[in-house]
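# after the sequence you'll find the predicted model.
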Amino acid sequence: TIILGIETSCDETAVAIVKNGNEILSNVVSSQIESHKRFGGVVPEIASRHHVEQMTMVLEEAFNTAELSWDSIDAVTVTEGPGLVGALLIGVNTAKALAFAKQKPLVGVHHIAGHIYANRLETEFKFPLLALIVSGGHTELVLMRDHGNYEVIGQTRDDAAGEAYDKVARMLKMPYPGGPHIDRLAAEGEETITFPRAWLEDGSYDFSFSGLKSSVINKIHNAEQRGEVLKKEDIAASFQASVIEVLTKKTLRAAKEYNVKQVIVAGGVAANKGLRARLQEEFDEIDVPLLIPPLHLCTDNAAMIAAAGTIAYEQGKRSGLDLNANSSLPLR
Ligand code: ATP
Ligand code: FE
Ligand code: MG
């Protein structure tokens with residue numbers, strides 16, 4: 001099976017061609033980070049315009065790199081949600097036009113299913129499997145009992161982990177996206193401040209990061225008012241310690257409760273060195289394999305959409321030409 005994948009949910013225009021759900025024939029990503037940097041975040045209107053400008057070139061490059069023609073493509077798969085609606089629409093409309101013109105089946109894919117399936121480009125899945133999704137827009141624990149079967153057992157009630165990283169980084173006057181900067185600073189600092197850990201109710205697998213974010217902001221403001229000097233490195237280390245402890249402990253507890261055979265970490269925050277090290281340590285101890293995709297597959301790309309789309313296609317899922325972008329599409 002050779003599947004074309006298209007992803008435009010946020011600020012990456014991406015097209016990929018994947019064979020049998022696990023072999024990347026091409027994976028082209030055009031990032032817009034530079035255009036959004038000066039606004040300190042993604043500006044939806046700018047994102048949509050970039051997608052329109054980039055799409056044709058990215059598509060062409062995906063076919064050139066794979067050295068394939070349309071004859072070999074079995075289906076067109078595309079992120080239908082969640083994400084920025086104007087951004088998603090560019091991908092969805094491109095996919096519909098191509099599926100119609102080339103007479104190929106069309107399959108809508110959930111963006112988070114894509115982040116999970118990024119791992120299958122590297123390692124075959126074993127079920128039951130637990131996925132921790134930590135990205136700019138999501139923080140979720142997803143249990144999978146089989147391919148294409150997703151049960152969300154926990155999710156954030158407010159900010160996503162990546163969002164908290166970006167907001168704290170902004171307070172520390174670091175450029176967007178702030179996650180990598182906090183990660184770097186944290187490695188040079190120490191946990192001198194004990195920030196709260198949001199465990200929520202007993203047994204809950206949900207997350208909350210807005211309280212932590214507020215504590216960090218208050219701490220910085222109070223110190224400024226008192227003329228106290230806090231080291232950026234220590235603030236970063238203290239903030240990161242709270243995030244990592246909650247993410248790790250909840251993932252570990254869920255992995256044990258559901259007796260999973262694999263744990264997957266996906267999304268941009270999976271690039272975090274502190275988080276990776278701590279998770280690796282804990283899962284080595286209970287002998288459960290931990291899968292984390294290489295960096296370029298952690299962040300948004302279309303190979304992951306084609307990988308998740310392959311399973312959906314093989315399971316018979318088809319979308320009509322009335323497929324629409326859905327900014328808050330639930331994962332099922
Ligand atoms: P979603 O996938 O939920 O739609 P998104 O596509 O914006 O959101 P990603 O591109 O997967 O999210 O990830 C981007 C996020 O990852 C940003 O918030 C960024 O700060 C964060 N991030 C990247 N590298 C690191 C790191 N080393 N440590 C912490 N956070 C990081
Ligand atoms: Fe993403
Ligand atoms: Mg992104």
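Yep, that arrived. Residues are numbered from 1 along each chain as shown. Ligands and ions are numbered 1, 2, ... in the order given.
# which residues does Lys19 bridge with?
Residues found in beta-bridge contact with Lys19 (criterion: DSSP bridges) are Ile2, Glu23.
# can you report how many residues lie near it?
Neighbour count for Lys19, taken as other Cβ atoms under 10 Å: 17. C-beta here means a position set from N, CA and C on the backbone, and glycine is covered the same way.
# run through the residues that contact it.
With contacts defined as Cβ atoms under 8 Å, 6 or more residues apart in numbering, Lys19 is in contact with Thr1, Ile2, Ile3, Leu25.
# OK, contacts around the third one?
Put plainly, it is Ile3. Ile17, Val18, Lys19, Gly21, Ile73, Asp74, Ala75, Thr77, Ala306, Gly309, Thr310, Tyr313.
# re earlier: out of the contacts of Lys19, who has the most neighbours?
Comparing the contacts of Lys19 on neighbour count, Ile3 comes out first with 31 neighbours (neighbours: other Cβ under 10 Å).
# what about the most centrally placed residue in the chain, distance to Gly162?
Averaging the C-alpha coordinates of the chain gives a centre point, and the residue nearest to it by Cα atoms, centre = their mean is Gly267 (2.7 Å). Computed with Cβ to Cβ, to the nearest Å, the distance linking Gly267 and Gly162 is 7 Å.
# need the overlap of contacts for these two.
When contacts are counted by Cβ under 8 Å, 6+ apart, the set common to Gly267 and Gly162 consists of Val134, Ser135, Gly136.
# now the closest residue to ligand 3 within the stretch 151-300 of the chain. Nearest residue, chain neighbours left out?
Residue of the stretch 151-300 of the chain nearest ligand 3, by Cβ to the ion: Asp300 (4.4 Å). The spatial neighbour of Asp300 that comes closest, neighbours along the chain excluded (Cβ to Cβ, 6 or more residues apart in numbering), is Glu12 at 4.2 Å.
# next to ligand 1, which bits of the stretch 201-332 of the chain? Give me the list.
Residues of the stretch 201-332 of the chain found near ligand 1, taking Cβ under 6 Å from any ligand atom as the criterion, are Gly267, Gly268, Val269, Ala271, Asn272, Thr299, Asp300.
# of the residues you listed, which is the nearest to Ile292?
Top of the list for closeness to Ile292, among those and by Cβ to Cβ, is Ala271 at 8.8 Å.
# and the closest one, how many residues sit next to it?
Using other Cβ under 10 Å, Ala271 is surrounded by 21 other residues.
# in strands, which of the shared contacts of Gly267 and Gly162 fall?
Val134 (DSSP state E).
# before we move on, the earlier item: turn the contacts of Lys19 into a markdown table, columns for pLDDT and distance to Gln103.
Output for the contacts of Lys19, formatted as a markdown table (pLDDT from 0 to 100; distance: Cβ to Cβ, whole Å):
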| residue | pLDDT | distance to Gln103 |
| --- | --- | --- |
| Thr1 | 98 | 17 |
| Ile2 | 98 | 15 |
| Ile3 | 98 | 16 |
| Leu25 | 98 | 21 |
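# nearest to ligand 1: which residue in the stretch 51-200 of the chain?
Per Cβ to the nearest ligand atom, the residue of the stretch 51-200 of the chain with the smallest distance to ligand 1 is Gly179, at 2.2 Å.
# I figured that residue hits Ala160, correct?
No. Under the contact definition of Cβ atoms under 8 Å, Gly179 does not touch Ala160, with a separation of 10.9 Å.
# list the buried residues in stretch 69-88.
Residues 73, 75-88 are the ones in stretch 69-88 that count as buried (16 or more other Cβ atoms under 10 Å).
# check stretch 9-26 too.
For stretch 9-26, burial by neighbour count (16+ other Cβ under 10 Å) applies to 9-19, 21-22, 24-26.
# is ligand 2 within reach of it?
No. In this structure, stretch 9-26 remains apart from ligand 2 according to Cβ under 5 Å from the ion; the gap is never smaller than 6.2 Å.
# how far does that stretch stretch from start to finish?
19 Å (Cα to Cα, to the nearest Å).
# where exactly do the helices run in the stretch 101-250 of the chain?
For the stretch 101-250 of the chain, the helices defined by DSSP state H, counting those that start in this stretch occupy 111-117, 161-171, 179-188, 210-225, 232-257.
# can you lay out those as TSV showing distance to Gln32, mean pLDDT and mean neighbour count?
Output for those, formatted as TSV (distance: least, Cβ to Cβ, whole Å; pLDDT from 0 to 100; neighbours: other Cβ atoms under 10 Å):
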stretch	distance to Gln32	mean pLDDT	mean neighbour count
helix 111-117	17	96	28
helix 161-171	16	95	23
helix 179-188	17	97	20
helix 210-225	25	95	15
helix 232-257	26	98	20
